[in-house]
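*Asks:* need the 3D shape of this:
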Amino acid sequence: MPSGPESFVAHPQYHQEFTRARELLLATPARWRVIYHYDGDGIGAASALVRALRRLGYGFQTTALKGVGRTRIEELLHATPGPVIVTDTGASWPESYAAHRFPVIVLDHHTYPGDPIPPTCPAHVAFVNPLDWGVDGMNEMCASTLSWLFTIFLDPKNWDNVPWALSGAIHDRQHVGGFRGLNETLVREAIHRQLLTERKELVLRGSTVAVGLAASIDPYFVGLSGRSEAASEFVRRLGISPDRTLDALETTERERLAAALAARLAQQGARPEFCERVMTERWSFPGETVDAEELSQLQNAAGRAEQPGVGVELAFGDPEAGRRCRGFWETWQSGVLRGLRRLEDEGPHQLSAIQWFQSPELTLAGTQAGLAITYFLDPFKPVFVLSRSEGSTMVSSRGTTWLVGRGLDLASACREAATKVGGEGGGHRVASGATIPADREEEFLQEADRIIVKQLPAPLENTR
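*Replies:* Numbering: from 1, shown residues only. Okay, the predicted model is just below:
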């Protein structure tokens, strides 16, 4: 028999936090403001929440946030004469919600500073974070799966929010190597409820084999991605016509291509779990024309185009939103590909324990950094990318789970280094961000490098 969410985690804090949040929301049948991070995970989380609010008959307003900033969240709270849900952001500022005169629900999976953990909140504030119940917010639950789970606590009908949950989880790369922990429990339950199916396919997408390979950014193939002629020649040498469609490949051809692509990734330094991504799981939803990965790409692209609200509109089946998101995706993909080729050609700057580069594409920078360290940068150093915006510098940093296992904590590094230069930072051990004054970039990088030198053993040994 299908099971309910109460049985998924035994830790008492799990039940306490969700119960408090549910009671606050059900006791406040009003217009709620949903504040969310503008990336794919935040958009997926907001999508699940607004669908649940509409199902309850509640009104809602959505507001997206970029970067990490206490000032902006406090401005929004001050400007909102009603209840608020904050998702995929806000974990760093639990004390800011107490001053709001209306209910506040925070659904976040990021680390937060200080004690006690979980933070003490007044009766009108509900703070829900999987870290409080022993679930890893970096690998086992993201904001969108957390928000999906919250909507299930509200009404079992909200199991049908699975598309938006997986959209965000894939954006946060929590699917790589298979879903784990509470994410896996939720996915298996959705499959049992016949709301989700899975299959394994070649990772490439495109009208032909060569087109798919040349357009590929995840995985990124050094010397092939962004290079049509080289991609065609690579395929041709395998005895496969570059003009063949992916669906028309025979089993032996697909296996030969997958093996060659995995070997290519290994040669350029990708870890085994990412080499294995040449054959990847696809999650589909009955009756829907896009799978979870496509949905993730569409929603994230809307956010990176600074139109996150259009990504949320997809949750209500708006065909115009779908058309616009496909246009955003094409622009986003080409922008990321352009940035990765530039980084491949020019290389990053090197400090003792970190590597860094500048990116003029503010909304693409974090993606560029994450894909670069995954597929071709020095795997022993986390990467930082800096983008200037309106007098400030937005910082994104990315590591690998291999580095985290050896002591890397980018959340604390970004927070400490940003605080020293008059900024703010936070996030996950493997991926974090900061907002700093533009004239203190060098000082921030030197401080981050000093912190990470202490975190990571030297020299690191590659045990891949």
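*Asks:* which SSE is immediately downstream of the lengthiest helix in the chain?
*Replies:* When the chain is parsed with DSSP state H, its longest helix is helix 319-346. Following helix 319-346 in sequence order, the next helix or strand is strand 349-350 (DSSP states H and E).
*Asks:* ok, residues contacting that following strand?
*Replies:* Residues outside strand 349-350 that contact it (CB atoms under 8 Å, 6 or more residues apart in numbering): Q355, W356, F357, D378, K381. The way it works is simple: take the backbone N, C-alpha and C, and place the C-beta from them, glycine included.
*Asks:* state the distance from the nearest residue to the last one once chain neighbours are set aside to D449.
*Replies:* Taking CB to CB, 6 or more residues apart in numbering, and ignoring the residues beside it in sequence, K381 has Q355 as its nearest neighbour in space, at 4.8 Å. Distance of Q355 to D449, computed by CB to CB, to the nearest Å: 10 Å.
*Asks:* how far away is the residue nearest to K381 from G347?
*Replies:* Q355 is 9 Å from G347, where distance means CB to CB.
*Asks:* D136 too?
*Replies:* 33 Å.
*Asks:* restrict stretch 292-303 to CA atoms and write it as CSV.
*Replies:* What follows is stretch 292-303, C-alpha atoms only, in CSV (Å, rounded to 0.1, in the frame of the first residue of the first chain):
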residue,chain,number,x,y,z
ALA,A,292,12.0,15.8,-15.7
GLU,A,293,15.3,16.9,-17.2
GLU,A,294,13.7,18.9,-20.0
LEU,A,295,11.4,20.6,-17.4
SER,A,296,14.4,21.4,-15.2
GLN,A,297,16.2,23.0,-18.2
LEU,A,298,13.1,25.1,-19.1
GLN,A,299,12.5,26.3,-15.6
ASN,A,300,16.1,27.1,-14.9
ALA,A,301,16.5,28.9,-18.2
ALA,A,302,13.6,31.2,-17.3
GLY,A,303,15.3,32.1,-14.1
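*Asks:* ranges for the strands of the chain?
*Replies:* 32-37, 60-65, 84-87, 104-107, 125-128, 197-202, 279-284, 349-350, 355-358, 383-389, 392-398, 424-427, 431-437 (DSSP state E).
*Asks:* ok so, going back, check which residues of the longest helix of the chain are buried.
*Replies:* Going by neighbour count (16 or more other CB atoms under 10 Å), the buried part of helix 319-346 is 321-322, 324-325, 328-329, 332-333, 335-337, 339-340, 342-344.
*Asks:* any stretches of the stretch 301-450 of the chain with poor pLDDT?
*Replies:* By pLDDT under 70, the stretch 301-450 of the chain contains no weakly predicted segment.
*Asks:* re earlier: contact partners for the residue nearest to K381?
*Replies:* Contacts of Q355 were listed using CB under 8 Å, 6+ apart, and they are P348, H349, L377, D378, K381, P382, V383, F384.
*Asks:* switch to 6 Å and redo it
*Replies:* P348, D378, K381, V383 (CB atoms under 6 Å, 6 or more residues apart in numbering).
*Asks:* give me the buried entries from the residues you listed.
*Replies:* P348, K381, V383.
*Asks:* got the phi and psi for the residue nearest to P382 when sequence neighbours are not counted?
*Replies:* Nearest-residue entry for P382: G399, 4.0 Å, with adjacent residues in sequence omitted and distances by CB to CB, 6+ apart. Torsion angles at G399 (phi, psi; degrees, to the nearest 10) stand at phi -120, psi -150.
*Asks:* count the neighbours of G399 for me.
*Replies:* Applying other CB atoms under 10 Å, we find 27 residues neighbouring G399.
*Asks:* wait, doesn't it sit right on V383?
*Replies:* No. Look at G399 against V383 with CB atoms under 6 Å: they stay out of range, at 7.9 Å.
*Asks:* distance of the closest residue to R326 other than its chain neighbours from L166?
*Replies:* Distances taken as CB to CB, 6+ apart put L298 closest to R326, at 6.7 Å, once the chain neighbours are dropped. With distances taken as CB to CB, L298 is found 13 Å from L166.
*Asks:* what's the answer for R236, then?
*Replies:* Counting by CB to CB, the gap from R236 to L166 is 36 Å.
*Asks:* which one of these two has more residues nearby?
*Replies:* L166 (30 against 14).
*Asks:* wait, doesn't that one sit right on E293?
*Replies:* No. The criterion here is CB under 6 Å, and L166 misses it with E293 at 8.5 Å.
*Asks:* neighbours around the spatially closest residue to F274 that is not a sequence neighbour, how many?
*Replies:* In space, F274 comes closest to T374 once its chain neighbours are excluded; the distance is 5.6 Å by CB to CB, 6+ apart. T374 is flanked by 24 other residues according to other CB under 10 Å.
*Asks:* T251 now?
*Replies:* Residues contacting T251 under the criterion other CB under 10 Å number 7.
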